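Participant: Have a look at this fold, sequence not included:
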């Protein structure tokens, strides 16, 4: 007979030899004291044992009931399974691609922990994205009683992907790359001149986003780069793109430069560039300021005719141009020497007319002569009386200003008289041109108002003939 500290008795009959007595309904957190006594068939009682103390360590004979779940929260490459049991037990999940596969260890897998808990959470990893799995949960108590759930299914999420990759703002040494991800993720770019990459750009802000923009800097111009986008989503799932490539802009350079004289005061400058650029020649000498000539066409073979140059003069020059992005190519300093001018100006479009300035005795007779030359030159007229002749007894003052359009007035001429004239012009180099001879009849002097009145009186009153002489007419 067993006596508990609370006064209860446990009676066991007809036992010849007893090693163990099982007592149910004890509290697992209560300390019990007990003693043992025995009686034989005749009713003689043995002495009581000494009192002993113990906390019951009960054993269970049935599985721990699952009271909540299981529920699954799937991710792309993992899933978290949660459930609750009535009493402490281990946490395991069997999973596989089919329900039948769970029966065979070769076609299923098991992940979990033996820790005894009532609230269970197991994160199963190593799954494939966008895949349906069968699963069931198992919980073992300390007495190895196994509780199993029914077979359920879940489908993992789509793997995070990189989409809509765009390359923009390509410059000599930098570029902008933008992309989106199907899940919020961090941003990392592996890049280099080969598919082995070698350089890494990482966003160290720790932020997660579905839209990303990265500017790669300190690149080499005229170089092809490969890059791959990487990152991790909030669940630490990796993201990786395909390989992409881009080529940085080529810095414009002047490759060859040459010059050739085409005529007096004209030199053609030619050069080539490695990329299309505008064309500009900057030229100068010791006595003149810098000047430029050019055009805005984007070409690789350039030709500019520089004109208006001084003859027999050495010029220094540089060629330059800008590509479509504004990057400038500039040559080193070069030289050319213009031709010595030995060709006199060509006279053309000669026009002349005579007119009278004033009237009466104060009238002045003059001729106006205009012409053109193919280069800047001085202006002078030689002239003489008569319809023609080789003698030019008079000449105008020389206008030393060198122009292409000329105009001179020759005065002090006799009215109604024929004159012949020729043009004399000199260019900067002193080359002189003489035109052919031209002739012109000067205009008559106009009568004054008084002369006209007297003439009318004489015509009307003939007996007054010679009246004009009284007035000196």
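Facilitator: Received, thanks. Quick caveat: nothing in here was measured; it's all calculated off a predicted structure.
Participant: Name the nearest residue to the residue nearest the centre of the chain, ignoring sequence neighbours.
Facilitator: Among the residues of the chain, residue 169 comes closest to the average C-alpha position under Cα atoms, centre = their mean, at 1.3 Å. With Cβ to Cβ, 6 or more residues apart in numbering as the criterion, residue 169 has its nearest non-adjacent residue at 4.2 Å, and that residue is residue 176. Heads up, the C-betas are built off the backbone N, CA and C, glycines and all.
Participant: any idea of the mean pLDDT for stretch 374-385?
Facilitator: Per-region confidence: stretch 374-385 scores 94 on mean pLDDT.
Participant: which residues are contacting that stretch?
Facilitator: When contacts are defined by Cβ atoms under 8 Å, 6 or more residues apart in numbering, stretch 374-385 is touched by residues 264-265, 345-346, 348, 369, 391-404, 406-408, 410, 414, 417-428, 433.
Participant: how about 6 Å then?
Facilitator: The set of residues that contact stretch 374-385 without belonging to it, under Cβ atoms under 6 Å, 6 or more residues apart in numbering, is 345-346, 369, 391-396, 398-400, 402-404, 406, 408, 410, 419-422, 424-427.
Participant: quick one: contacts for the residue nearest to residue 169?
Facilitator: By Cβ under 6 Å, 6+ apart, the contact set of residue 176 is 168-169, 215.
Participant: Would you confirm that it belongs to a strand?
Facilitator: Yes - in this structure, residue 176 lies within a strand as judged by DSSP: H, G, I helix; E, B strand; the rest coil.
Participant: what bridges to it?
Facilitator: According to DSSP bridges, the residues that bridge with residue 176 are residue 168, residue 215.
Participant: Residue 318 against residue 331, yeah?
Facilitator: Yes - under the criterion of Cβ atoms under 6 Å, residue 318 lies in contact with residue 331, with a separation of 5.3 Å.
Participant: any idea of the mean pLDDT in the host helix or strand of residue 182?
Facilitator: Taking DSSP states H and E as the definition, one finds residue 182 inside strand 175-185. Along strand 175-185, the predicted confidence averages to a pLDDT of 95.
Participant: what does the helix or strand just after that strand rub up against?
Facilitator: Proceeding C-terminally, strand 175-185 gives way to strand 188-192 as the next helix or strand, assigned by DSSP H and E. Contacts to strand 188-192, defined as Cβ under 6 Å, 6+ apart, come from residues 197-202, 214, 225, 227-231.
Participant: and those, which are buried?
Facilitator: Among these, the ones that count as buried by 16 or more other Cβ atoms under 10 Å are 197, 201, 214, 225, 227-231.
Participant: Now for those residues: which two are most distant?
Facilitator: 225 and 231 (19.1 Å; Cβ to Cβ).
Participant: circling back: where strands are concerned, which of the contacts of strand 188-192 count?
Facilitator: For the contacts of strand 188-192, membership in strands holds for 199-202, 214, 225, 227-231, with DSSP state E as the criterion.
Participant: Report the strands that pair with the host helix or strand of residue 375, each with its relative direction.
Facilitator: Using DSSP H and E, residue 375 sits in strand 364-385. If you go by DSSP bridges, strand 364-385 pairs up with strand 347-357 (antiparallel), strand 394-395 (antiparallel), strand 399-413 (antiparallel), strand 418-426 (antiparallel).
Participant: Would you state the helices of this structure in chain order?
Facilitator: When secondary structure is read from DSSP state H, the chain shows helices at 449-460.
Participant: and it, what are its domains?
Facilitator: 1-58, 66-155, 163-247, 254-337, 347-441 (automatic domain parsing).
Participant: number of nearby residues for residue 100?
Facilitator: For residue 100, the neighbour count with other Cβ atoms under 10 Å is 12.
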